[in-house]
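> Pasting the sequence and the predicted model now:
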Amino acid sequence: MNISTSATADSVRDVRAGHDDPLVRVRNVCKEFGAARVLDDVSLDFHRSEITVVIGRSGSGKSTLLRVVAGLTEADSGTMDFDGQRVLEDGEYTEQWSQAQSTIGMIFQSYTLWPHMNVLTNLTFAPRIVHKWGKKKLRAQAEQALDEVGMSGFISAKPHQLSGGQRQRVAIARALMMRPRLLLCDEITSALDPPVAAEVLGVLSRLKRDEGISIALVTHDMAFAAKAADRLMFFDAGRIAFAGSPATGFSQTENEELRKFVDAVRF
């Protein structure tokens, strides 16, 4: 499906309605892998204290977008502003990027916890190496992060002693160690049963409400998306085919690709 530039611009205006100062502003970002253009002139905003849910078929560009925003994948072109500072210019990260990146956390589907380390060490390993924090500060940060995700009693547990939902909560706590302003979540509930996924959603909703964290979440779970989203984005062939309210998106009839996608995976 070929989405026109005007359609993309309309989507951006829709997402920005009532928000003049987004935390993240992406404009005209492109990314190619070989002959495949995975991100095709993408423009969007992520707003403060809001959950943006990104849906679309596998290979449509959703995860690549998150990785570009996180700095894990380089864009070929485009710009990105973080809290009003230009951090990506013509596909190149600027001097302001390192400060912005330190306030961005990313969580993956597979948890990526070190199996031989207990929860405390999993949370403190990177900050100890990168920031040279002392044991007292590391412990205090870990206890606070675990308390925020309801896992304060598991600080000495090993990953194999935890359920899938508990491991995902620990992964969220690890991302919280750096007190992020933006949390990027890539299919973090795909391996979880619906009741456990609901628990994870509760954690994310509390972080948005109580900590003011902005969250961008990729998922194929439409029930989860409907409950989580303040804003919904639908990716199709590397472009934003829809951006707006979940209620509008899930009842969409004008956009044939979105309607087919929702019907195919509807809860």
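It's in.
> so residue 96 touches residue 84, yeah?
No: here residue 96 lies out of contact with residue 84, judged by Cβ atoms under 8 Å, at a distance of 9.9 Å. Placement of C-beta: from N, CA and C, glycine included.
> Need the per-residue pLDDT for residue 140.
Residue 140 carries a pLDDT score of 94 in this model.
> quick one, phi/psi of it?
Note on residue 140: backbone dihedrals following degrees, to the nearest 10 are phi -60, psi -40.
> Renumber starting at 25 from here on
Yes, from this point I'll number from 25; that puts the last item at residue 164.
> What residue, apart from its backbone neighbours, is nearest residue 80 spatially?
residue 259 (3.4 Å; Cβ to Cβ, 6 or more residues apart in numbering).
> ok, that neighbour to residue 242 distance?
Using Cβ to Cβ, to the nearest Å, residue 259 is found at 9 Å from residue 242.
> These two: which has the busier surroundings?
For residue 259 versus residue 242, neighbours defined as other Cβ atoms under 10 Å are more numerous around residue 259 (31 against 23).
> residue ranges of the helices in the protein, please?
Under the criterion DSSP state H, helices of the chain are mapped to 29-40, 86-94, 121-125, 143-155, 159-172, 188-200, 218-230, 246-252, 270-274, 280-289.
> For residue 181, which of these is the nearest?
helix 143-155 (5.3 Å; Cβ to Cβ).
> on that earlier part again, my read is that the residue nearest to residue 80 contacts residue 76, right?
No: with contact defined as Cβ under 8 Å, residue 259 does not reach residue 76; the gap is 12.0 Å.
> that older thread, quick one: common contacting residues for residue 259 and residue 242?
Residues touching both residue 259 and residue 242 by Cβ atoms under 8 Å, 6 or more residues apart in numbering: 78, 79, 86.
> Domain-wise, how is the chain divided?
Here the domain parsing of the chain from automatic domain parsing is 29-127+204-289, 135-203.
> and the first one, average pLDDT?
This means domain 29-127+204-289. Averaging pLDDT along domain 29-127+204-289 gives 87.
> Just checking the distance from it to the centre of its chain.
Chain-centre distance of domain 29-127+204-289: 7 Å, with Cα atoms, centre = their mean, to the nearest Å.
> quick one: contacts for the residue nearest to residue 237 when sequence neighbours are not counted?
With sequence-adjacent residues excluded and distances taken as Cβ to Cβ, 6+ apart, residue 237 is closest to residue 231, at 4.7 Å. Shown here is residue 231, whose contacts under the criterion Cβ under 8 Å, 6+ apart are 172, 196, 200, 207, 237, 239.
> looking at it, the last one is touching residue 76, isn't it?
In this case it means residue 239. Yes: using Cβ under 8 Å, residue 239 is in contact with residue 76, at 7.1 Å.
> State the distance from residue 151 to residue 175.
For residue 151, the distance to residue 175 (Cβ to Cβ) stands at 17 Å.
> ok, those two, which is more surrounded?
Per other Cβ under 10 Å, whichever of residue 151 and residue 175 has more neighbours is residue 175, with 21 against 17.
> With residue 227 as the reference, measure out to the closest residue to that one other than its chain neighbours.
Leaving aside its sequence neighbours, residue 175 sits nearest to residue 193 (Cβ to Cβ, 6+ apart; 5.0 Å). Look at residue 193 and residue 227: by Cβ to Cβ, they are 6 Å apart.
> neighbour-wise, which of those two wins?
Per other Cβ under 10 Å, whichever of residue 193 and residue 227 has more neighbours is residue 193, with 25 against 19.
> show me the contacts for that one.
Going by Cβ under 8 Å, 6+ apart, residue 193 touches 173, 174, 175, 223, 224, 227.
> Test my guess that the first one contacts residue 199.
No: at 9.8 Å, residue 173 and residue 199 do not qualify as touching, with contact defined as Cβ under 8 Å.
> neighbour count winner among the two?
residue 173 (25 against 22).
> burial of residue 268, as a residue count?
By the other Cβ under 10 Å criterion, the neighbourhood of residue 268 contains 17 residues.
> Equivalent analysis for residue 220, please.
So residue 220, with other Cβ under 10 Å, has 17 neighbours.
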